[in-house]
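J.: Okay, here's the prediction I keep looking at, along with the sequence it came from:
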Amino acid sequence: MWPFKKYLRKEDLATLSVKIAEAERKTSGEIRVVVRHRRHWKERKLSLHELALREFYKLGMEKTQGRTGVLILLLFSERAFQIIADEGIHAKVEDGTCDQIATRMSSHFKGGKFSEGIADAISAVGAILKKYFPLEADDRDQLPNDVIEE
């Protein structure tokens, strides 16, 4: 049984993967989206931020050239999400940028538009990455674009 059907359909995940690929065509940055139903038993004492950081490193996002990875982690059982940007991004982008994206995403979620909220966040992250980390001539896609769901 598909555990996220209340929020997202499998087709939505495929569409979001395409959205990630489209955003990354204009930047040397990398975007990953992880959709989780619940925490694993051993993660129960971690804060949401700690959980997102753990996922960030598990996916090898800190190994991107220029440290330009952004993770959007959604935890549906807690109705929570976290956006994590690597240090290369923090060095150039003003503080509060991820919070602004999170606020936009939240407004979509409040209206029950989960796929639209995630797609909007991907587009917003892509625009910021394009501005500060434009596509380089020798750029290659460093991380998969698929949405991870567990």
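T.: Great, that's in hand.
J.: so who does residue 84 touch?
T.: Going by CB atoms under 8 Å, 6 or more residues apart in numbering, residue 84 touches 49, 52-53, 56, 70-71, 73, 98. Just so you know, the C-beta spots here come from the backbone N, C-alpha and C atoms, and that holds for glycine as well.
J.: where along this structure do the strands fall?
T.: Taking DSSP state E, the strands of the chain run over residues 30-36, 69-75, 80-85, 148-149.
J.: Just name the most buried of the ones you listed.
T.: Mean neighbour count (mean count of other CB atoms under 10 Å) peaks for strand 69-75 among these, with a mean of 25.
J.: and it, how far out from the chain's middle?
T.: In terms of CA atoms, centre = their mean, to the nearest Å, the centre of strand 69-75 is set 3 Å apart from its chain centre.
J.: which secondary structure elements does it contact?
T.: strand 30-36, helix 48-58, strand 80-85, helix 114-132 (3 or more CB pairs under 8 Å, 6 or more residues apart in numbering; DSSP states H and E).
J.: where does this protein have low pLDDT?
T.: 1-5 (pLDDT under 70).
J.: repeat that with 50
T.: Judged by pLDDT under 50, the chain has its weakly predicted residues at 1-2.
J.: if I read this right, residue 71 contacts residue 55, doesn't it?
T.: Yes: Residue 71 lies in contact with residue 55 (CB atoms under 8 Å); the separation is 6.4 Å.
J.: anything in contact with each of the two?
T.: Residues touching both residue 71 and residue 55 (CB under 8 Å, 6+ apart) are residue 34.
J.: and residue 75, what is it in contact with?
T.: 36, 38-39, 48, 51, 81-82.
J.: Farthest pair within those?
T.: Longest distance between any two of the contacts of residue 75 is 14.9 Å, between 38 and 82; criterion CB to CB.
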